[in-house]
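Student: Sequence first, predicted coordinates after that:
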Amino acid sequence: MNYPQALDYLLHQLPLFQSEGKKAYKPGLDNILQLDAWTAHPHRRFPCIHVAGTNGKGSVCHLLASVLQEAGYRTGLYTSPHLKDFRERIRINGHCISQAYVREFTTAYIDAKKSGTTLAPDFSPSFFELTTTMAFSYFAENKVDVAIIEVGLGGRLDSTNIIDPLLSIITSISLDHMDVLGNNIISIATEKAGIIKNRRPVLAGKNPPEVYQLLQNQARQRQAPFYLAEELLQINWQKDKKGSIIRVIKGDWQEAGSFACGLAGQSTEENAALVLVALSLLKQNFKKANTQALLRGFEKVVPNTGIRGRWEILQENPLCICDTGHNEAGLRRVTEQLAATPHKQLHIVLGVVNDKDIRAMLALLPQEAIYYFTKATVPRALPEKELTKLAAGRGLKGQSYPTVAQAKTAALKAAAAEDLVFIGGSNFVVAEAL
């Protein structure tokens, strides 16, 4: 089996939530526990940090990884979804997992099923379950000093939840994946709180009071020390042309002064505060993660980790920006930042997937913009003509385009030098725009 064959098996022979949605989701830990036993429990061979939440968890993971990498630690990073290359999901010190390892691991898995000795021939995990096992095995075999593990969906029943982390981090929680996690904030928060482990510290980001209370109660039941980032640290955040500038005004790290961050989205303020508090809580575990490592890690987060699509500038004149915000809370931040970005006319290339609260998302978008409605090439994508019709009901006017490339081209052609072109609505639209 060569690499293209292995990739085809992973992406097309296994149920893939990224493409298929709910029908690819396999709740429960039975499959991952079988895979974990088959690979001799690799996650037990390295310390890790677990990150869950609705928005911000990817940025938190990448910032943490960048700082620990700059501190001299061999750092594994497992995130999802990928934007352009499957191998983006699994990295060590910013370098993607090798094609050879993907091929060898996938071949070993198929052979194990065929033999029927360690895995039954009819064993049928999801794409994410097998990919998670691959990541843990890769990190163990390459002897990472620490791994940052992002939850795929929810937390309680997520494949990553077999780990016993040094610290659990829960970012902001809002309505998303309601067909799987529940139709209200408390149900969703309960699933996210499932990553809280007995006697392991948990750090929570900015959330409504009822969510704080739920998380605190779950932590108390598990005798887990509970921390709120906003009680321990406050920062000043300002957007900069190349990213943003941060200054701690309350809590640890004030000695860093004003320092640069390579991420520019408005949610960077909350995400950075979480990372700074997490580093304080982990000082005894990672003593080399000092102020200098912090400064370098924040500034170099993009080249260090390869993070893409977070308020990313694709070109100037006209200014073209993409962002992966893909739910109501994420788009609210996007619209706030669009309003704060100087421009003459706003052009928005928009595509969404069909399992989101699309009407709530559309209600947030500015009516004065010119829209280019489109769809990504995944089964979950809402057809562009249907999106155009729904948007018209909200007073959003524009034309539909069958591909992201066509919509992007049309927007850039129509935009004047002083205009602003924004591309977003889903990870998949951003991936194709990149």
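Tutor: Looks like it arrived, so ask away.

Student: How about the secondary structure of Gln367?
Tutor: Counting by DSSP: H, G, I helix; E, B strand; the rest coil, the backbone at Gln367 sits in coil.

Student: what's the closest non-adjacent residue to it?
Tutor: Gly395 (4.6 Å; Cβ to Cβ, 6 or more residues apart in numbering). (Glycine included, C-beta is placed from N, CA and C.)

Student: Same question for Pro125.
Tutor: Nearest to Pro125 is Asn31, by Cβ to Cβ, 6+ apart, at 4.4 Å.

Student: Contact partners for that neighbour?
Tutor: Asn31 sits next to 123-126, 129, 159 when contact means Cβ atoms under 8 Å, 6 or more residues apart in numbering.

Student: With Lys283 instead?
Tutor: By Cβ under 8 Å, 6+ apart, Lys283 lies in contact with Ala289.

Student: 463 is where my numbering starts, stick with that
Tutor: Okay, residue one is now 463; in that scheme the one you just asked about reads as Lys745.

Student: In a helix, it, correct?
Tutor: No - assigned with three-state DSSP, Lys745 falls outside any helix and is coil.

Student: Can you tell me how far it is from Ser636?
Tutor: 31 Å (Cβ to Cβ, to the nearest Å).

Student: Mind giving me the ChimeraX command for buried ones among the contacts of Asn493?
Tutor: Of these, the buried ones can be selected in ChimeraX as follows, counting by 16 or more other Cβ atoms under 10 Å:
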select :587,588,591,621
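
Student: Please tell me how far the most centrally placed residue in the chain sits from Val763.
Tutor: Centre of the chain computed as the mean C-alpha position; nearest residue by Cα atoms, centre = their mean is Gly520, 3.2 Å away. Distance, Gly520 to Val763, by Cβ to Cβ: 11 Å.

Student: Overlap in contacts, those two.
Tutor: Common neighbours of Gly520 and Val763 (Cβ under 8 Å, 6+ apart) are Ile769.

Student: quick one: which helix or strand includes Ala609?
Tutor: strand 608-612 (DSSP states H and E).

Student: Show me what that strand is packed against.
Tutor: When contacts are defined as 3 or more Cβ pairs under 8 Å, 6 or more residues apart in numbering; DSSP states H and E, strand 608-612 sits against strand 510-514, helix 519-532, strand 537-540, helix 589-603.

Student: Same list, the ones you listed, but as CSV with distance to Gly724 and mean pLDDT please.
Tutor: Shown next, in CSV, are the helices and strands packed on strand 608-612 (distance: least, Cβ to Cβ, whole Å; pLDDT from 0 to 100):
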stretch, distance to Gly724, mean pLDDT
strand 510-514, 18, 97
helix 519-532, 8, 97
strand 537-540, 15, 98
helix 589-603, 24, 97
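
Student: for those, which one sits closest to Asp470?
Tutor: Within the helices and strands packed on strand 608-612, the stretch nearest Asp470 is helix 589-603; the backing value is 12.0 Å (Cβ to Cβ).

Student: Can I get that closest one in CSV? Just the C-alpha atoms.
Tutor: The C-alpha trace of helix 589-603 is given here as CSV (Å, rounded to 0.1, in the frame of the first residue of the first chain):
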residue,chain,number,x,y,z
PHE,A,589,-12.1,7.9,10.6
PHE,A,590,-11.5,10.0,13.8
GLU,A,591,-11.1,6.9,16.0
LEU,A,592,-8.4,5.5,13.8
THR,A,593,-6.7,8.8,13.2
THR,A,594,-6.6,9.5,17.0
THR,A,595,-4.9,6.1,17.5
MET,A,596,-2.4,6.9,14.8
ALA,A,597,-1.6,10.2,16.5
PHE,A,598,-1.0,8.7,19.9
SER,A,599,1.1,6.0,18.4
TYR,A,600,3.2,8.5,16.4
PHE,A,601,3.8,10.7,19.4
ALA,A,602,4.8,7.7,21.6
GLU,A,603,7.1,6.2,19.0
